[in-house]
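J.: coordinates only, sequence not included:
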């Protein structure tokens, strides 16, 4: 049995943490969530000698304040779970700011190993780091790594093992003032804040150490520093301390003293002292060979961030992605479609006629197959998005769009979630956690569902392709654009009403352009696609069966009588036609009769008065019912509602032709219906994400708000489009 | 003068961040500390965010935050 050692992998965003995590753990990932929040938690294992490292990937952060949800998550994990070692991934090209976080881990009292990542890039930039000198002056072992090719991984694990061997785990960890309160409270080398501040820190640390239970949980010096930094989260923790009140007032006095002594707020002073300490350490360890040449990034930015070229290029990229998704995705989508088509035919041959065959062919293959055929589109879309993300272009997009987004009350950092919203609402809502202000976060969360997600795409493709065959991709693009405009308008209104208040700081890093690694892109796309397929295999499978059931039962008892009446009617009205054609017409009329009689038909009839002003017939009403659980179900429901006619004789008719034959459907209804689907509440999974990110109250608000807006929006669009599209 | 008053291409030294609290703290943490030198690379269209190079990396900052940083050229 190997000894298991827990490692927290931490670091700044853009420091190459993900690729290092992949290099460390291979492909043995486990995806979970941090308790209470939807922040994704990646876990993996690395075996090294007789040790087994359990590596937890922390969210990328800049500091250990409580500035964003990511920081709170990372901080709580380190404080509550107390990992044995923190491996801090540092961007070697940007060491100074990256060390700022590294020192805070050291202060937490957990042994730190620094991975000087992206040393290849640093070398290319003329930056040389003497890791021996750095280790010596900071008291942290540093190892040079290149996450993208796995260089230095073994040495990194060696360092971790060495830390364990050195007894750091027992000796230095947390300095355990509980056991030896009279000894020096801090045995690890830690940042020195200068005599004035240290003279304030020491008594505060001692006072904190007086409650043994408290200081066993939280490192005393770290809490003392946080108190001088005016950290609310740390102050809250003092409630558990027996001398909490005394400490709070002492810290308050200390802060006042520091502010008057240095002439600036104490949290700024602490930050400056920390940077001063780092400056001292890297002065000798880091050398920069002078190079006046502009980097490749600089040349690219001159175009991508240009006043006149930047935005057009940005829109060109977005447009290109959509074109690529449709043009390229069409072929594999058609292939999958024909595969499920032949599967249905096969099932018809081997399964005897009856309910079971109907369940397999119409319910399961029809429902799930319809959803599966959109997988290629989703793969291509996520491929493009993750490449944009990994190259660093997304930050340029934030630069270009912040001014406009800010005018609507959003944030440049809202851009990413909004963009992701075009893929899937669930990760998009999760991505809002990088936003600091709760108001900005909620504004973004409420705006995201109006971005047409990948599941709405099949609905658009089906309806636009059927009723606007010549301009289908323009109509789909219009839906996307309409959603975007609506989300902005909605945000303005919400920001002026329920979300009123001042906006927060916009400070974000602009990383250099980097070539995405195929591994990183692959995992990204695979993860997203897999969750879509999983949804298709579970929720959608169950829903497909349920929809099949409500569209099949109860069955009319007077079917044969009805068939005779119909046959007689058609014999007169279709006298010219062949017997075969008449049979087909009877079969179709009968099919519709059965549907009207079924539970689904009844539901459709019940909600018909509500949706009639929008021009929707009861079949569209039926299709709306399952759309609450997942938007792509609209397609499979319409497939069941329209697709099963004309089974005898020829091949089964395609859905598009069946839709076109319905006199209740026309371009105007199709457009109105698409608008309704665009605005209505998102799928169940997204609603669950909204609930965990924003709370139950905002969930209810979102559902009621978007439901009302969907109806009004569809109605207005119908009025506007009426003169152009007729009825 | 304030950072928001400088022109693209300016090289400046940070004198102080004028406010504390979360915003001031974050600005300091991202590298705007006394004595740090920065380079105003470019501003976005229509007085959008500024691209600033400081401590060897680039960041984006809005004009309203740039107003909170006192610099000298």
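T.: Cool, got the structure. Only a predicted model underlies this, so the values are computations on that prediction, with no experimental measurement involved.
J.: make it CA atoms for all contacts and neighbour counts henceforth
T.: Fine.
J.: which residues in chain B form strands?
T.: Applying DSSP state E to chain B gives strands spanning B:11-17, B:37-43, B:50-54, B:57-61, B:69-72.
J.: Format those as a markdown table; extra columns: mean neighbour count and distance to chain A.
T.: Formatted as a markdown table, these follow (neighbours: other Cα atoms under 10 Å in any protein chain shown; distance: least, Cα to the nearest Cα, whole Å):
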| stretch | mean neighbour count | distance to chain A |
| --- | --- | --- |
| strand B:11-17 | 20 | 8 |
| strand B:37-43 | 20 | 9 |
| strand B:50-54 | 23 | 8 |
| strand B:57-61 | 22 | 4 |
| strand B:69-72 | 21 | 12 |
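J.: nearest to residue A:394, of those strands?
T.: Of all these, strand B:57-61 sits nearest to residue A:394, with 12.4 Å by Cα to Cα.
J.: who touches that closest one?
T.: Contacts of strand B:57-61 with the rest of the structure, by Cα atoms under 8 Å, 6 or more residues apart in numbering or on different chains, involve A:93-94, A:399, A:506-511, B:49-53.
J.: With mean pLDDT as extra columns, can I get the strands of chain B in CSV?
T.: Formatted as CSV, the strands of chain B follow (pLDDT from 0 to 100):
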stretch, mean pLDDT
strand B:11-17, 92
strand B:37-43, 91
strand B:50-54, 93
strand B:57-61, 91
strand B:69-72, 92
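J.: So for residue A:690, which of those sits nearest?
T.: Minimum separation from residue A:690 across the strands of chain B (Cα to Cα) falls at strand B:57-61, 28.6 Å.
J.: Sheet-wise, list the partners of that closest one with their directions.
T.: Note on strand B:57-61: by DSSP bridges, its sheet partners are strand A:507-509 (antiparallel), strand B:50-54 (antiparallel).
J.: Looking at the contacts of strand B:57-61, which is nearest residue A:386?
T.: Using Cα to Cα, residue A:511 comes nearest to residue A:386 of those, at 15.4 Å.
J.: Name the SS class of that closest one, please.
T.: coil (DSSP: H, G, I helix; E, B strand; the rest coil).
J.: again, but for residue A:137
T.: Secondary structure, three-state DSSP: residue A:137 is helix.
J.: Nearest residue to it in space, please, no chain neighbours.
T.: Leaving aside its sequence neighbours, residue A:137 sits nearest to residue A:281 (Cα to Cα, 6 or more residues apart in numbering or on different chains; 5.9 Å).
J.: give me every residue that touches the one you found.
T.: Remark: with contacts taken as Cα under 8 Å, 6+ apart, residue A:281 is in contact with A:134, A:137-138.
J.: hmm, back to that, can you tell me which of the strands of chain B is nearest to residue A:349?
T.: Nearest of those (Cα to Cα): strand B:57-61, 63.5 Å.
J.: now that closest one and strand B:37-43, what's the angle there?
T.: Put simply, strand B:57-61 runs at 60 degrees to strand B:37-43, going by axes from the mean of the first three to the mean of the last three Cα atoms, to 10 degrees.
J.: and the longest helix for chain B?
T.: helix B:21-29 (DSSP state H).
J.: just the angle between that helix and strand B:57-61, please?
T.: Here helix B:21-29 runs at an angle of 150 degrees relative to strand B:57-61 (the same axes, to 10 degrees).
J.: Output the strands paired with strand B:57-61 in a markdown table; the columns should cover distance to residue A:222.
T.: Shown next, in a markdown table, are those (distance: least, Cα to Cα, whole Å):
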| stretch | distance to residue A:222 |
| --- | --- |
| strand A:507-509 | 26 |
| strand B:50-54 | 27 |
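J.: if we compare the ones you listed, which one ends up closest to residue A:581?
T.: strand A:507-509 (66.7 Å).
J.: Other residues contacting the closest one?
T.: Under Cα under 8 Å, 6+ apart, the answer for strand A:507-509 is A:395, B:27, B:30, B:57-62.
J.: Among those, which one sits closest to residue A:337?
T.: Of the contacts of strand A:507-509, the one sitting nearest to residue A:337 (Cα to Cα) turns out to be residue A:395, at 37.7 Å.
J.: host element of the residue nearest to residue A:137?
T.: Per DSSP states H and E, residue A:281 falls inside helix A:266-285.
J.: just to revisit the earlier point, need the contact partners of the longest helix of chain B.
T.: Contacts for helix B:21-29 (Cα under 8 Å, 6+ apart): A:62-63, A:67, A:97, A:100, A:267-268, A:271-272, A:504-505, A:507, B:17-18, B:68.
J.: residue contacts, residue A:620?
T.: A:604, A:638 are the contacts of residue A:620 under Cα under 8 Å, 6+ apart.
J.: in what helix or strand does it lie?
T.: Per DSSP H and E: helix A:618-627 holds residue A:620.
J.: Now that helix: buried residues?
T.: Buried residues in helix A:618-627, counted by 16 or more other Cα atoms under 10 Å in any protein chain shown: A:618-627.
J.: what does stretch B:16-35 give?
T.: Applying a neighbour-count criterion of 16+ other Cα under 10 Å, one finds B:16-17, B:20, B:22-34 buried in stretch B:16-35.
J.: again with stretch A:194-208
T.: Residues of stretch A:194-208 classed as buried: A:197, A:200-202, A:204-208 (neighbour count, 16+ other Cα under 10 Å).
J.: ok, and does it reach over to chain B?
T.: No: using Cα under 8 Å from any Cα of the partner chain, stretch A:194-208 never reaches chain B; the gap is at least 15.7 Å.
J.: residues in contact with that stretch?
T.: So stretch A:194-208 is contacted by A:185, A:192, A:214-215, A:220-221, A:223-225, A:241, A:243, A:247, A:250-251, A:254, A:258, A:273 (Cα under 8 Å, 6+ apart).
J.: Just confirm residue B:37 contacts residue B:71, I think it does.
T.: No: in this structure residue B:37 lies outside contact range of residue B:71 using Cα atoms under 8 Å: 9.2 Å.
J.: Need the overlap of contacts for these two.
T.: Contact criterion Cα under 8 Å, 6+ apart; residues shared by residue B:37 and residue B:71: B:12-14.
J.: Tell me which residue of chain A lies closest to chain B.
T.: In chain A, the residue found nearest to chain B is residue A:509; the distance is 4.2 Å by Cα to the nearest Cα.
J.: what about that residue, how many neighbours?
T.: The number of residues packed near residue A:509 is 19, by other Cα atoms under 10 Å in any protein chain shown.
J.: which residues does it bridge with?
T.: residue B:59.
J.: Flag every residue of the stretch 301-450 of chain A that's near chain B.
T.: With Cα under 8 Å from any Cα as the criterion, the stretch 301-450 of chain A meets chain B at residues A:305-308, A:399-400, A:402-403.
J.: Now render the residues you listed as TSV, adding pLDDT and neighbour count.
T.: Below are these laid out as TSV (pLDDT from 0 to 100; neighbours: other Cα atoms under 10 Å in any protein chain shown):
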residue	pLDDT	neighbour count
A:305	90	23
A:306	88	18
A:307	86	16
A:308	88	11
A:399	89	28
A:400	88	25
A:402	85	25
A:403	86	22
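J.: State the helix or strand in which residue A:162 lies.
T.: With elements taken from DSSP H and E, the one containing residue A:162 is helix A:153-165.
J.: Please parse chain A into its domains.
T.: Following the assignment in automatic domain parsing, chain A carries domains at A:3-171, A:195-288, A:312-496, A:556-725.
J.: Out of the contacts of strand A:507-509, which two sit at the greatest distance?
T.: The widest separation within those (Cα to Cα) is 18.0 Å, between A:395 and B:27.
J.: So, low pLDDT: which residues of the stretch 151-300 of chain A?
T.: Along the stretch 151-300 of chain A, the model assigns pLDDT under 70 to residues A:166-188, A:291-294.
J.: make it 90
T.: By pLDDT under 90, the low-scoring segments of the stretch 151-300 of chain A are A:151-222, A:229-251, A:261-265, A:267, A:280-299.
J.: ok, which residues in it are in contact with chain B?
T.: Applying Cα under 8 Å from any Cα, one finds that the stretch 151-300 of chain A approaches chain B through A:264-265, A:267-268, A:271-272, A:275.
J.: Tell me the most packed of these, by neighbour count.
T.: residue A:268 leads these on contacts (other Cα under 10 Å) with 29 neighbours.
J.: Fine by me, thanks again.
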